[in-house]
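**Student:** Sequence plus the predicted model coming up.
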Amino acid sequence: MSNNTLNPPPGVLVELQAHLQKVDEDPATPLDVKLLEQCELYTTTPEYLNGLWQQTQSLFLQLAQLLPELEQDPSPLNHFILKLTGPYGFDHVKELDFCMGLELSVKPFHSLILSFLEKATASGNDAENLASKPDVIRALVRLWLCTDDTGVATKAGDILFALLKVSKNLPGGLSPKGESTYGRGPMWRRLFEDKDVYGLFFIFCSLRALPVGDEVVLSKRDKTVAQARLMEWLPKVGALDWDTITKSHYSDLEKKAGLGEGEGLLHFATMQMVDLKEDMLMHISLINFFTDLIATVNTVAAQAGNDSSLSLEYLKEQGLHIQMINFVVLDNNSIEQTFLRSPASNYVSVYASTYPENYERSRDMKIVHAKLNHSIGNCKPEDLHILASVPRTSLVPRISTGLAWDECPALFIPIKTINADALKTLATIFRGPIEPETVYPPPDTSSVPLTVQPAPTRELSERSYARLLLSLYLTKYPSAFSDLVRHADTVAVKETALAALVLLRAIITANWAPIPASSNTSSDPILARLNNFPQSGVEVILDPAVSGGVLPYLLKPATTFSGLVGGRGDAESAAYQVAMAKFDVLRVLGEKVKGLEPPRREVDTMIRRRVAEGPWGVGGNVGARVATLEM
């Protein structure tokens, strides 16, 4: 590398410098795009990346001086500069006039300048250096909230968050476990404790007539765009440091935006910012924001126990949590509820799946399940989403005399219905919990605040209830597997056929567990009957007394509709997709059969032979197959 530092820039870069000098002297000189492409190619070579890039500072400064004065399309230069500065650190670009390149009017340069600022996210020192430039941070926040380019806004917001993430309270992020690592770093102080910067959140997002000074004035429509960007950003910031987004920073600014004593940016976003009466789309966005908040900020709220988070407790305290529940369970036939029920249902789904213990001990569970029992037979997508998200252990209500099996909401989904979402919901329930991915090496959590985690027995309970619920469902619907095969074989209704195969695959790969030994099965006939139910999903499929004709169906070659006149393409496409899905289920079954003890050699041999034949069987091909169903 020391040898490289002594070498002059290669000829192609020297040639470019001479060309740029001509363009600077005579603005009418067109950019040599071919030369720029040659230089760009050179910046990808090992020679350049391993050290010669350090010799290009003079070229970079020449480009930086030329770019603002250029009287032609700057795109070729922008693209080359990105390649040229790829190996640069923030120290190499920090002297640029970032503010000029962040002005709303200079759209061609926004992406380029953001790429330079992104280099400051590499370390806390670089972030601190950038934080010392208040005008740049103010311009970056302005661009993020005000630009009409969604891609630029997303990148600007991501950079602001990344800068906060590397700007820690102590060098290296060394802080005692349980104490926040964030909130007092240089970038945090710049964004939230610099009045001129902090005030931009309210100027650009509040619908009130606030003093804007020399800032750009946004229309109401543009303000709603800024509001959406703020709502997307706040949960991630709150996950790093909750206190920063909830506390007051400048009471005079906050008061003008409608906030009370001690209320901060989060209260502004949740309670004051959005026009709920006049803007239904923003109301939907606000509910999605609540959902994102409880999913992202899962830091334990110590005062509420280990099953609730700071974000969930905040929404409960503000009356917003119960409002979401009411949007789901109350039927007032209003236009408002028609639009808001779906996002509110998603909120309830995320709440129940993220905080299962809190959900089960809340009164919310009883009223939500009562609603599901009443409406789930209609198979509305939002109801099915909730049913697939709640803890399986909550699907069988507990009453004074034991378990109320007949009140299980899953039993109200009719298997005969031609509804793909209903079948996929049953697949989620019967499969059991998805096993968490193993991360190695395990992440360092020494400075991470305590987060809400499922109870140690949660996974085992969910696995045992998945098996129990399938047994219970088959008791009510003895012909369930026959109906499932009928759905899967009705290729004309492709989505339902594919969903039926999803359900079969879920049962085959089910993650089950036996009933805990502590359960008293002798006093409950349902639990007693479960003792005779197969221990795994594979055994369910292989037992003809339980699954009927599922195995023969899977072993049967697929069919198609090649003999039809008209619409052949769609039919062939449906037949192909269903055939591939069916074949995949058979292969998965074969893999599971291999691991059975004692071995099931006859079944294993049949499946191996059938898999070797391919989806269409021996001699099967698209042109020769006979149509089996009229469209």
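**Tutor:** Looks like it came in fine.
**Student:** mean confidence for stretch 385-398?
**Tutor:** Across stretch 385-398, the average pLDDT comes to 94.
**Student:** mind listing what's buried in that stretch?
**Tutor:** 385-397 (16 or more other Cβ atoms under 10 Å). For every residue, glycine as well, the C-beta is placed using N, CA and C.
**Student:** How about stretch 74-87?
**Tutor:** 74, 76-81, 83-85, 87.
**Student:** Let's see it as CSV, backbone CA atoms only.
**Tutor:** The C-alpha coordinates for stretch 74-87 follow below in CSV (Å, rounded to 0.1, in the frame of the first residue of the first chain):
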residue,chain,number,x,y,z
PRO,A,74,-25.2,16.4,-13.9
SER,A,75,-26.3,12.8,-13.8
PRO,A,76,-23.2,11.3,-15.4
LEU,A,77,-21.0,13.3,-13.0
ASN,A,78,-23.1,12.3,-10.0
HIS,A,79,-22.9,8.7,-10.8
PHE,A,80,-19.1,8.8,-11.3
ILE,A,81,-18.6,10.8,-8.0
LEU,A,82,-20.5,8.0,-6.1
LYS,A,83,-18.1,5.4,-7.5
LEU,A,84,-15.0,7.6,-7.0
THR,A,85,-15.9,8.3,-3.3
GLY,A,86,-16.9,4.7,-2.5
PRO,A,87,-13.8,4.1,-0.4
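**Student:** which regions of the protein lie under the pLDDT threshold?
**Tutor:** 1-9, 170-180, 436-448, 517-522, 560-572, 619-631 (pLDDT under 70).
**Student:** Find the residue at the geometric middle of it.
**Tutor:** With distances taken as Cα atoms, centre = their mean, residue 292 lies nearest the centre of the chain, 9.3 Å away.
**Student:** Tell me if I'm right that that one and residue 232 touch.
**Tutor:** Yes: if you go by Cβ atoms under 8 Å, residue 292 and residue 232 touch, sitting 7.5 Å apart.
**Student:** what's the helix or strand where residue 117 lies in contact with?
**Tutor:** Taking DSSP states H and E as the definition, residue 117 sits inside helix 110-118. Here helix 110-118 makes contact (Cβ atoms under 8 Å, 6 or more residues apart in numbering) with 78, 81-82, 85, 90, 93, 96, 98, 101-102, 130, 136, 140, 143, 147, 149, 151-152, 155-156, 159, 162.
**Student:** quick one on the thing from earlier: any idea how far the residue nearest to the centre of the chain lies from residue 285?
**Tutor:** Distance, residue 292 to residue 285, by Cβ to Cβ, to the nearest Å: 10 Å.
**Student:** ditto for residue 530
**Tutor:** Residue 530 is 45 Å from residue 285, by Cβ to Cβ.
**Student:** again, but for residue 611
**Tutor:** 48 Å.
**Student:** Now list whatever residues contact both of residue 292 and residue 285.
**Tutor:** Contacts common to residue 292 and residue 285, judged by Cβ under 8 Å, 6+ apart, are residue 231.
**Student:** returning to that earlier point: please identify which helix or strand holds the closest residue to the residue nearest to the centre of the chain other than its chain neighbours.
**Tutor:** Excluding its sequence neighbours, the residue lying closest to residue 292 (Cβ to Cβ, 6 or more residues apart in numbering) is residue 235, at 4.8 Å. Element membership for residue 235, per DSSP H and E: helix 220-240.
**Student:** and that helix, C-alpha only, in PDB?
**Tutor:** The C-alpha coordinates for helix 220-240 follow below in PDB (Å, rounded to 0.1, in the frame of the first residue of the first chain):
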ATOM      1  CA  LYS A 220     -52.100  20.600   4.200                       C
ATOM      2  CA  ARG A 221     -51.500  17.700   1.800                       C
ATOM      3  CA  ASP A 222     -47.700  18.100   2.100                       C
ATOM      4  CA  LYS A 223     -48.000  18.200   5.900                       C
ATOM      5  CA  THR A 224     -49.800  14.900   5.900                       C
ATOM      6  CA  VAL A 225     -46.900  13.400   4.000                       C
ATOM      7  CA  ALA A 226     -44.500  14.800   6.600                       C
ATOM      8  CA  GLN A 227     -46.700  13.400   9.300                       C
ATOM      9  CA  ALA A 228     -46.500   9.900   7.800                       C
ATOM     10  CA  ARG A 229     -42.700  10.200   7.600                       C
ATOM     11  CA  LEU A 230     -42.500  11.200  11.300                       C
ATOM     12  CA  MET A 231     -44.800   8.300  12.300                       C
ATOM     13  CA  GLU A 232     -42.600   5.800  10.400                       C
ATOM     14  CA  TRP A 233     -39.500   7.100  12.100                       C
ATOM     15  CA  LEU A 234     -40.600   7.600  15.800                       C
ATOM     16  CA  PRO A 235     -41.000   4.000  16.800                       C
ATOM     17  CA  LYS A 236     -37.400   3.200  15.800                       C
ATOM     18  CA  VAL A 237     -36.100   6.100  17.800                       C
ATOM     19  CA  GLY A 238     -38.300   5.200  20.700                       C
ATOM     20  CA  ALA A 239     -36.900   1.700  20.700                       C
ATOM     21  CA  LEU A 240     -33.500   3.200  21.300                       C
END
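**Student:** Just the buried residues of that helix, please?
**Tutor:** Here helix 220-240 shows 222-240 as buried, counting by 16+ other Cβ under 10 Å.
**Student:** my read: residue 376 touches residue 385, true?
**Tutor:** No: here residue 376 does not reach residue 385: they are 11.2 Å apart, not a contact under Cβ under 8 Å.
**Student:** show me where the stretch 301-450 of the chain has helices.
**Tutor:** 310-317, 320-329, 335-354, 356-360, 363-375, 381-389, 420-431 (DSSP state H, counting those that start in this stretch).
**Student:** Format those helices as TSV; extra columns: distance to residue 28.
**Tutor:** Putting the helices of the stretch 301-450 of the chain into TSV (distance: least, Cβ to Cβ, whole Å) gives the following:
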stretch	distance to residue 28
helix 310-317	59
helix 320-329	61
helix 335-354	56
helix 356-360	69
helix 363-375	71
helix 381-389	61
helix 420-431	63
